[in-house]
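> coordinates only, no sequence provided:
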């Protein structure tokens with residue numbers, strides 16, 4: 001069987017797994033997880049050339065390392081079985097970290113720590129279900145649209161223009177995050193978990209911000225050679241902290257800042273502490289010069305304030321927001337003179353234009369998962385690399401890759417996310433508003449930057465919202 005055919009079979013298995021994992025009972029989830037594991041294995045074999053596969057076992061040291069990693073995952077699974085309820089905390093702890101992996105002729109940046117924790121948590125979940133622990137009924141407003149969207153993405157590999165990129169998208173992001181939803185929702189309830197998750201998110205942001213501020217003081221960046229070169233020729237110095245991309249760094253800081261704003265409004269006793277932390281993390285965000293992160297933070301902070309304050313404060317906030325918007329528009333009009341729209345948007349208007357051209361050429365079912373960059377490059381007859389033709393607007397990417405059918409699935413998924421978050425907010429205003437703020441930052445950020453569905457926090461926030469709703473066991 002060729003690598004492409006193997007990828008098609010694996011994608012079909014993953015599509016079959018989508019609904020049982022999120023909607024099944026004990027047997028359904030177990031069979032869905034088994035299909036998902038088979039799909040991941042098939043995609044891994046399809047993606048890695050035979051020569052590179054042989055490199056994995058070419059020496060006893062590498063073979064021993066693989067065995068050690070497998071034993072480590074099993075050992076962590078045993079710990080998660082004994083200390084049930086900890087898995088979401090570990091998932092959030094490792095969620096930001098991508099590690100570059102050199103394997104023969106290939107070099108990729110993957111969420112390797114997350115995959116290890118998620119594999120162990122999935123094993124622990126499978127063991128609990130096998131032993132007879134009742135499966136939870138996941139909120140249908142989240143489960144059905146999520147399963148449908150991931151299923152459609154998986155099936156779209158069958159007509160994808162770029163099978164290699166589509167296989168990476170499925171194997172590295174969408175299929176693991178399908179398991180992530182099941183793991184988080186089915187974890188036993190722990191009253192301390194929401195506070196612990198907030199502590200981890202803010203604590204990591206403080207550490208990231210501290211490292212970024214040190215980079216600013218030292219005028220030196222790490223983990224990104226392109227950024228180092230760009231800073232040499234730019235009139236300002238951008239920091240990236242522990243991330244490859246300053247915009248991803250900024251996004252994680254914006255997530256923590258949105259959470260701190262919610263706590264500041266909802267827990268007035270924490271006002272001084274929250275304000276001090278906001279000031280420190282904000283300084284780190286400022287020196288990332290991530291405009292997309294700043295806009296996302298501004299929108300979510302204004303929205304949060306409008307939700308939690310009284311009528312007089314809402315009126316004042318609305319007036320200030322409109323004034324700032326008008327001032328910003330005026331400054332843009334002044335600055336646009338002598339510059340093209342493409343220059344002012346750092347090329348994003350051009351990316352949006354060629355991505356829309358891809359959608360117009362393939363309006364019904366699109367060009368397939370992961371294929372927008374290659375299709376856009378061909379559409380524009382671009383000399384740039386495929387990565388540089390990646391759309392920075394998630395709705396347009398969905399339209400280009402899945403067409404009108406995919407847009408309908410995306411809107412249904414977004415509506416389901418809104419319903420789930422609203423139900424959680426009604427049950428617990430602080431937790432619901434915090435999760436909504438986190439999801440809001442990711443959504444607004446996705447309108448001008450890529451990586452919405454590829455961020456585990458997107459799916460984890462929705463899964464946590466569903467986990468906070470009343471627990472109803474499924475009957476077989």
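Nice, I can see it. Keep in mind the model is a prediction, meaning the values are calculated, not measured.
> could you point out which element follows the helix or strand bottoming out on mean pLDDT in the chain?
Between all helices and strands in the chain, the lowest mean by mean pLDDT, DSSP states H and E belongs to helix 341-344, at a mean of 51. Using DSSP states H and E, the helix or strand that follows helix 341-344 towards the C-terminus is helix 348-361.
> chain center to that next one, what's the gap?
Per C-alpha atoms, centre = their mean, to the nearest Å, the displacement of helix 348-361 from the mean C-alpha position of its chain is 23 Å.
> list the buried residues for it?
Residues of helix 348-361 classed as buried by neighbour count (16 or more other C-beta atoms under 10 Å): 348, 350, 351, 352, 354, 355, 356, 358, 359. Where you see a C-beta, it was placed from the backbone N, CA and C, and this is true even at glycine.
> the second one and residue 373, how far apart?
As for residue 350, its distance to residue 373 is 13 Å (criterion: C-beta to C-beta, to the nearest Å).
> now the fifth one
Going from residue 354 to residue 373 by C-beta to C-beta gives 10 Å.
> what does the domain assignment say about this structure?
3-188+365-467, 195-337 (automatic domain parsing).
> single out the most deeply packed of the ones you listed.
Comparing the domains of the chain by mean neighbour count (mean count of other C-beta atoms under 10 Å), domain 3-188+365-467 ranks first with a mean of 20.
> as a markdown table, the buried residues of helix 348-361 with distance to residue 83 would be great.
What follows is these, written out as a markdown table (distance: C-beta to C-beta, whole Å):
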| residue | distance to residue 83 |
| --- | --- |
| 348 | 45 |
| 350 | 50 |
| 351 | 45 |
| 352 | 47 |
| 354 | 50 |
| 355 | 45 |
| 356 | 49 |
| 358 | 47 |
| 359 | 47 |
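> least confident of the residues you listed?
Scanning the buried residues of helix 348-361 for pLDDT, the low point is residue 348. It has 66.
> list the contacts for the nearest residue to residue 308 once chain neighbours are set aside?
Leaving aside its sequence neighbours, residue 308 sits nearest to residue 265 (C-beta to C-beta, 6 or more residues apart in numbering; 4.5 Å). Contacts here follow C-beta atoms under 8 Å, 6 or more residues apart in numbering; on that basis residue 265 touches 304, 305, 308, 309.
> any chance of the domains of the chain in TSV, plus mean pLDDT?
Below are these laid out as TSV (pLDDT from 0 to 100):
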stretch	mean pLDDT
domain 3-188+365-467	90
domain 195-337	88
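> what's the angle between the longest helix anywhere in the chain and helix 348-361?
Counting by DSSP state H, the longest helix found in the chain is helix 394-427. Computed by axes from the mean of the first three to the mean of the last three C-alpha atoms, to 10 degrees, the angle separating helix 394-427 from helix 348-361 equals 100 degrees.
> ok, then the element right after helix 394-427?
helix 429-446.
> what angle do that next one and helix 394-427 make?
Counting by the same axes, to 10 degrees, helix 429-446 lies at 170 degrees to helix 394-427.
> residue 431: what's it in contact with?
When contacts are counted by C-beta under 8 Å, 6+ apart, residue 431 is found next to 194, 424, 468.
> residue 432 too?
Neighbours of residue 432 in contact, by C-beta under 8 Å, 6+ apart: 421, 422, 423, 424, 425, 426, 465, 468.
> now residue 463
142, 180, 181, 183, 184, 185.
> quick one: which of those residues sit in helices?
142, 180, 181, 183, 184, 185.
> can you tell me the closest non-neighbouring residue to the fourth one?
Once flanking residues are discounted, residue 183 sits nearest to residue 121: 4.5 Å by C-beta to C-beta, 6+ apart.
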